[in-house]
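Visitor: Give me a 3D structure for the following:
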Amino acid sequence: MADNSPNLHADVLRRAITSACAAQTEGRLEEAKQQYLLLLESLPHSSFLRYNIGLVYFDLGDFVLALDAFSLANFHKPGDEDTLFNLALCQKKTGDRPAAIATYRRILTTAPDHADCLYNLGGCYRDLYEDEQAIACYQRVLTLKPAYVPAANNLAYLHHRAGETDQAILYYTQVLEQRPEDESVRYLLSALLGIPLDHPPDSYVCGFFDTYAEDFEHNLVEELGYDNPQQLYACLCHSSAQGAACAHGLDLGCGTGLSGLSFKGMVAVLDGVDLSRNMLAQAAQKGCYAQMHPDSIIHHLESTLETYDFYLATDVFIYVGELLAIFTAAQAIARPEALFCFSTEHLDTEGFQLLPTGRFAYAPEYIRRIAAATGWVVLAQEPARLRKERETWITGDLWILRLAKLEA
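Guide: You can find the predicted model right below:
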């Protein structure tokens, strides 16, 4: 006869929980998930199991299911600090920042010195452009933990974004003192101090866009009035290259794919290249690229075996700097009479320059000079409004180039 005693049943459950926890700890997440789901059939009201499977879902990137799990864990054990903290993380991940703010503030009612909670709350306010509240959170974090470098870094970013140069320099300097190897901070500090540079470090470009990939497109289009791809496409249609149909194109710094959407109709096969894998993940959802390459522009151009008759770079060169190498590499693998469509931020002086914003601007004469030096003919140049910055439009130039015909 089978032994169905309560003690045996409890012992079986304990072993099953131990096994599930071990699978989770060792990174066997799918196995852990299945074991927790089986356990929840017997223990549906266990906040411990709900919490743990929430962690598993989070690590698997399924933030909706993680949110549900942490919500149920909180229902069965209200007010647990760790559960609420992870619930807030999921609320932010699923785009509900107001809910995340409410949850973080709930934690702070009982744990007012919770530095990680304050830091994450500051991030929610920062993303919603509620900068005063974000700054207050980060300053409180530094009061509690003066060596909390990410808080200082975010304070530098917020002051930089607001055009408060002295404060931005102060906090960037603090970060660099504690992280002297940080190329991104050194680059931004150089921009604010007016130190001339030819290009940004790849780590800065990749880190910046990886961090803001999820919200980048919404902020750019809805908050900053960005319609650069549409303007550039109209410029192409008004140029002598109107009606051109290209066989193989490359979107340089393709980002989330906004430019691909505007130009895909005129290119039989359009590929994209971008340093940020998170941006490429966003672009993949649009379905406008045949291939996407996680790479720097110059490395891809110099290493690919492909050839192209169309290049596109909308609002990209502001994160590049010196352009001679890219123009040269693009020309080397260009098909006859290839088109090159791009935009630049406008510079009234000579050459190109790193601005205090951390972006590069270009004098039209510089573009014309390097185009001529690398075999490109300017078909069109038009002034444009690129995007807003603190309610002021940034001016730029739209460019349509064609590869010069070879002399007979």
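
Visitor: Now stretch 35-53: buried residues?
Guide: Neighbour-count burial for stretch 35-53 flags 35, 36, 39, 40, 46, 47, 48, 49, 50, 51, 52, 53 (criterion: 16 or more other C-beta atoms under 10 Å). Quick note: C-beta positions are derived from backbone N, CA and C, even for glycine.

Visitor: before we move on, what about stretch 116-132?
Guide: 117, 118, 119, 120, 121, 122, 123, 124, 125, 126, 127, 131.

Visitor: where's the fifth one, which helix or strand?
Guide: Under the criterion DSSP states H and E, the helix or strand holding residue 121 is helix 115-127.

Visitor: still on that earlier bit, minimum pLDDT in the buried residues of stretch 116-132, which residue is that?
Guide: Of all those, residue 127 has the smallest pLDDT value, namely 90.

Visitor: any idea how far that residue lies from residue 93?
Guide: Between residue 127 and residue 93 the computed distance is 12 Å (C-beta to C-beta, to the nearest Å).

Visitor: What ranges in this structure fall below the confidence cut-off?
Guide: 1-8, 406-408 (pLDDT under 70).

Visitor: Go through it and flag its longest helix.
Guide: helix 6-25 (DSSP state H).

Visitor: which secondary structure elements does it contact?
Guide: Using 3 or more C-beta pairs under 8 Å, 6 or more residues apart in numbering; DSSP states H and E as the contact test, the elements touching helix 6-25 are helix 29-42, helix 47-59.

Visitor: Direction-wise, compare the longest one with helix 47-59 and give the angle.
Guide: Taking axes from the mean of the first three to the mean of the last three C-alpha atoms, to 10 degrees, one finds helix 29-42 and helix 47-59 inclined to each other by 150 degrees.

Visitor: List the contacts of stretch 91-106.
Guide: 63-64, 66-67, 84, 87-89, 117-118, 120-121, 123-125, 127-128 (C-beta atoms under 8 Å, 6 or more residues apart in numbering).

Visitor: Quick check: residue 258 touching residue 227?
Guide: No: Residue 258 lies out of contact with residue 227 (C-beta atoms under 8 Å); the separation is 9.0 Å.

Visitor: These two - which one has more neighbours?
Guide: Each of residue 258 and residue 227 has its neighbours counted (other C-beta atoms under 10 Å); residue 258 has more, 24 against 18.

Visitor: Please report the distance of the nearest residue to the more buried one once chain neighbours are set aside from residue 141.
Guide: Distance criterion C-beta to C-beta, 6 or more residues apart in numbering; nearest residue to residue 258, sequence neighbours excluded, is residue 229 at 5.3 Å. For residue 229, the distance to residue 141 equals 39 Å [C-beta to C-beta].

Visitor: Comparing these two, which shows the higher neighbour count?
Guide: With neighbours defined as other C-beta under 10 Å, residue 229 and residue 141 compare such that residue 141 has more, 26 against 21.

Visitor: which residues does the more buried one contact?
Guide: Residues near residue 141 by C-beta under 8 Å, 6+ apart: 115, 118, 119, 122, 148, 151.

Visitor: State the distance from it to residue 120.
Guide: Residue 141 is 10 Å from residue 120, by C-beta to C-beta.

Visitor: ditto for residue 286
Guide: Per C-beta to C-beta, residue 286 is found 30 Å from residue 120.

Visitor: got it, and residue 103?
Guide: Residue 103 sits 10 Å away from residue 120, going by C-beta to C-beta.

Visitor: now do residue 264
Guide: Using C-beta to C-beta, residue 264 is found at 38 Å from residue 120.

Visitor: Apart from its chain neighbours, what residue comes closest to residue 13?
Guide: residue 42 is the one closest to residue 13 (C-beta to C-beta, 6+ apart), at 6.5 Å.
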